[in-house]
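Engineer: sequence first, predicted model second:
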Amino acid sequence: MAEVRAEMVANVWKILVSEGGVVEEGDTLVILESMKMEIPVVAEDAGTVSKVHVKEGDVVQEGDLIAVIE
């Protein structure tokens, strides 16, 4: 199981995966927006997205859980 966490304070701009979706290492899961910059959040491991913990428009803090990949 791999937990994907936010690396900075940002807005969740776009979610590109859904629960149950299969991802490969390096796939973009979510795009965050901070200071008018788009920051892709990528999967560090291949697997199935078991839970997405954010929704578009949410504000995440550094260390917040974004998704879980099994």
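Structural biologist: Happy to help now that I have it. Numbering: from 1, shown residues only.
Engineer: per-residue pLDDT, the closest residue in space to residue 64 that isn't next to it in sequence?
Structural biologist: Once flanking residues are discounted, residue 64 sits nearest to residue 6: 4.6 Å by Cβ to Cβ, 6 or more residues apart in numbering. Where C-beta positions appear, they are placed from N, C-alpha and C, glycine not excepted. For residue 6, the model assigns a pLDDT of 96.
Engineer: please apply the same query to the one 4 residues further on.
Structural biologist: pLDDT for residue 10: 98.
Engineer: any idea how many residues pack against residue 69?
Structural biologist: 23 (other Cβ atoms under 10 Å).
Engineer: which residues touch it?
Structural biologist: With contact taken as Cβ atoms under 8 Å, 6 or more residues apart in numbering, residue 69 is in contact with 1-2, 4, 23, 43, 45-50.
Engineer: which of those residues tops the neighbour count?
Structural biologist: residue 4 (23 neighbours).
Engineer: surely that one is in contact with residue 64?
Structural biologist: No - Residue 4 is not in contact with residue 64 according to Cβ atoms under 8 Å; the separation is 10.1 Å.
Engineer: report the separation between residue 43 and residue 35.
Structural biologist: Residue 43 sits 24 Å away from residue 35, going by Cβ to Cβ, to the nearest Å.
Engineer: cool, residue 6 as well?
Structural biologist: If you go by Cβ to Cβ, the gap between residue 6 and residue 35 works out to 15 Å.
Engineer: okay, those two: which has more neighbours?
Structural biologist: The neighbour comparison of residue 6 against residue 35 (other Cβ under 10 Å) goes to residue 6, with 22 against 8.
Engineer: nothing else from me, thank you.
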